[in-house]
Every structure is written in C-alpha cells, then in structure tokens.
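>>> Quick check, what structure comes out for this input:
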Amino acid sequence: MFDLRRHEFITLLGAAATWPLVARAQQAAMPVIGFLNSLSRANLAQLTLENFLQGLKEAGFVDGQNVTIEYRWAEGHYDRLPALAADLVQRQVAVIAATGGEPSPQVVKAATGTIPIVFMANGDPVAAGLVASLNQPGGNATGVTIFGMMAVGKRLELLRQLIPKPGIIAYLTNPNNPNREIDNVQTAARSLGQQILVLNADSDREFDTAFATIAQQQVVALLVASDPLFFDRREQLVALAAEQAIPTIYYLRAFSQAGGLLSYGNSVTDMYRQVGIYTGRVLKGEKPADLPVMQATKFELVINLKTAKTLGLEVPDKLLALADEVIE
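The predicted model follows:
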C-alpha cells in the first residue's frame with residue numbers, strides 16, 4: 001500500500017537536502033571583489049575600511065548581500081604582493097581593488113591585463129605605467145591618486161619652520177617603493193639650500209639602524225616618506241623619533257594621532273570611499289578605460305602640541321593658524 005505520509009516525508013527531506021546547494025549556487029552567482037592591500041588588516045583603521053564599504057554601498061553593493069569580498073593583506077611585506085595578486089587572478093574575481101598605495105597597483109597591473117583594476121596610488125599613475133592618461137586611462141585600470149610625492153616639498157618647508165637651528169635633515173625612505181618621491185625631496189632640498197641625508201629602511205631592524213645613524217650624524221630633523229610599510233609601523237617610528245628627540249614630519253594624520261609631531265597630506269578615508277564607488281561602477285558594467293583617474297586635492301596639516309612641548313619646540317602662531325587640527 002502506498003504510504004502518503006512517508007512519501008511526503010521523503011519529498012520534504014529531498015527538498016531540504018537541496019536547500020544548501022541552492023544557497024551555495026546563489027552565493028556563487030554573486031560577483032567577487034578582490035581587495036588587495038599593502039598593509040595589515042589590524043593596522044588599517046577601521047574607519048578607512050568602512051569608507052571603502054560605504055563607497056560600495058553608494059554604488060549599490062553590500063558585502064554578503066549582492067557581492068562578496070576576498071581580502072588579501074601584504075602586512076607591509078611587498079614581496080608577498082605578487083603571490084596574493086596571482087591568487088586573486090586565479091580565482092577570476094570580477095574586479096580587483098588595489099589599495100594601500102604603491103607598489104600594490106603596479107603588482108596587480110603586472111598580474112592581469114584583463115580583470116578590471118581600481119587602484120589607490122600615491123604617485124603619478126601615468127609615469128608608473130598604470131594608465132595612458134588621467135582623463136582617458138585606456139586600459140583595464142583606473143582609480144584615485146593623491147600625487148603625494150608633490151607634497152613632500154611642502155613638508156620640508158613646514159619642518160624647517162620648526163627646527164631651532166639649521167642642520168642636516170634626514171629623509172627615511174623604503175627603497176622597495178617605486179613612487180620616486182625621493183626625486184621631489186632632492187629637488188625641494190636644492191631649492192631651499194637644505195642638506196639631506198637619505199636613509200633606507202624596509203624592515204624593523206633597518207629602522208633601528210636608521211635612527212642610530214640619525215644620532216651619529218647629529219641630524220636636526222626627520223622627514224618620513226609616504227610608504228605603506230611606514231604607515232603600518234607608525235607607532236614604532238613615532239616611538240623611535242621620541243627616543244631620539246628628533247622633530248619629525250609624516251604624511252598622514254594617523255602619525256600625529258599616534259604622537260608624531262607633524263603630518264601633512266591627504267585624507268585617505270575619502271580615497272577609500274572613492275575606490276569603493278569606482279569598484280561598484282565597474283561591477284555595474286562601466287569600463288576602467290572610460291573612468292577618469294580621480295585626484296585627491298585636499299591636504300590637511302596636523303600639529304601635535306603635546307609632542308612639540310616635549311621636544312621643547314615653539315610652534316609659530318602662523319603655523320598654528322594654518323593647522324587643520326591641533327592635538328593638545
């Protein structure tokens with residue numbers, strides 16, 4: 001005799017068994033964003049990552065709802081970037097957001113000529129070979145640049161206003177960063193008649209060596225280059241500068257918030273938002289070749305008065321008046 005209740009149970013059981021398959025199929029149908037960053041997740045300010053997600057949301061995408069994000073973090077180790085980029089390419093993600101600044105965009109560009117790329121650059125993306133021009137990128141990449149290397153001359157001028165006596169100013173740079181900010185430093189130094197001591201560091205051990213050299217050479221101030229590794233190790237750098245009692249200027253607000261004396265540069269939070277917006281537009285079908293590279297133009301000066309007092313420095317009133325934020 002045919003058992004109707006048993007038949008219904010088996011039918012329901014069969015349907016239940018297919019639910020996970022359907023759910024996985026729906027999830028697999030979501031576009032996947034590859035998010036490659038030169039920094040570590042722990043050291044990337046949560047607000048900054050939230051701004052990327054906010055930009056995506058403004059473009060109509062929410063992680064876990066209609067898009068999936070695969071995160072890859074180099075943690076300041078640039079030699080890890082090629083393998084991380086290759087992994088995202090192998091996974092055939094829909095678009096790669098190459099963030100955190102150089103050399104992330106260059107590595108991704110070398111890894112794929114077909115997958116759309118939305119980058120965050122510090123230098124000149126045309127000179128770096130990322131795009132043909134700012135207005136018409138012409139390839140598979142577009143994004144946001146701050147032209148941060150152009151601001152380094154201003155940082156040098158600001159630093160000179162604070163040091164009590166003339167002398168050698170050190171420039172700490174990562175030799176593995178391709179943005180060529182050092183060229184602008186040397187040009188600005190020549191125009192100001194300023195002697196510069198270039199110090200290279202790409203590891204924690206070399207940071208200690210660089211600051212030992214600063215002490216030996218009787219350097220009067222320090223200019224820290226725009227570099228993701230330095231941002232990732234900002235607390236360590238600020239602590240070393242404090243130990244040496246060396247007036248130091250950095251390129252992002254977060255350094256001053258961590259105790260650094262001065263910072264002058266762009267707001268990266270808005271940059272991440274713009275990268276999120278462009279990433280969403282690419283997912284909707286727009287081509288990077290047709291999306292002009294955006295240029296961040298707003299710069300902010302942050303002064304840490306508490307650190308200035310610890311160093312025994314008198315901050316001129318005209319400099320305080322220019323500051324966007326004064327930390328007391």
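>>> For the stretch 51-200 of the chain, which segments count as helices?
81-90, 104-111, 152-162, 181-192 (DSSP state H, counting those that start in this stretch).
>>> How about Ile117, nearest residue that isn't a chain neighbour?
Spatial nearest neighbour of Ile117, chain neighbours left out: Ala141 (4.0 Å); criterion: CB to CB, 6 or more residues apart in numbering. All C-beta spots, glycine's among them, are computed from the backbone N, C-alpha and C.
>>> so how many other residues sit close to the one you found?
28 (other CB atoms under 10 Å).
>>> likewise Ala86?
15.
>>> Also Asp79?
9.
>>> do Asp270 as well
16.
>>> so what secondary structure elements neighbour the helix or strand where it lies?
According to DSSP states H and E, Asp270 maps onto helix 268-283. Applying 3 or more CB pairs under 8 Å, 6 or more residues apart in numbering; DSSP states H and E, we find helix 268-283 packed against helix 46-58, strand 95-99, strand 117-121, strand 141-145.
>>> Report the distance from the helix or strand following it to the chain centre.
The helix or strand immediately downstream of helix 268-283 is strand 294-295, counting by DSSP H and E. Centre-to-centre, strand 294-295 and its host chain are 15 Å apart (CA atoms, centre = their mean, to the nearest Å).
>>> Outside of strand 294-295 itself, list whatever touches it.
Strand 294-295 has contacts (CB atoms under 8 Å, 6 or more residues apart in numbering) with 134, 143-147, 274, 278.
>>> Partner strands of it, with direction?
Note on strand 294-295: by DSSP bridges, its sheet partners are strand 141-145 (parallel).
>>> Helix 268-283 and the partner strand, what's the angle between them?
Between strand 141-145 and helix 268-283, the angle comes out at 160 degrees (axes from the mean of the first three to the mean of the last three CA atoms, to 10 degrees).
>>> Which residues does strand 141-145 contact?
In contact with strand 141-145 (CB under 8 Å, 6+ apart) are residues 98, 105, 108-109, 116-125, 130-131, 271, 274-275, 278, 288-289, 291-296.
>>> Of these, keep whichever come out buried.
For those, a burial check counting by 16 or more other CB atoms under 10 Å picks out 98, 105, 108-109, 116-125, 130-131, 271, 274-275, 278, 288, 291, 293-294, 296.
>>> What count of nearby residues applies to Glu286?
So Glu286, with other CB under 10 Å, has 15 neighbours.
>>> sorry, back to before: report the two of the contacts of strand 294-295 separated the most.
Taking CB to CB as the measure, the contacts of strand 294-295 span a maximum distance of 17.5 Å, between Phe147 and Tyr278.
>>> Could you count how many residues lie near Ile115?
A count of neighbours around Ile115, defined by other CB under 10 Å, yields 20.
>>> gap between the residue nearest to it when sequence neighbours are not counted and Ile146?
Computed as CB to CB, 6+ apart, the closest residue to Ile115 that is not its neighbour in sequence is Ile96, at 5.8 Å. Computed as CB to CB, to the nearest Å, the Ile96 to Ile146 distance reads 20 Å.
>>> Comparing those two, which residue is more hemmed in?
More crowded of Ile96 and Ile146, by other CB under 10 Å: Ile96, with 31 against 25.
>>> Would you check that the more buried one makes contact with Thr112?
Yes. Using CB atoms under 8 Å, Ile96 is in contact with Thr112, at 7.4 Å.
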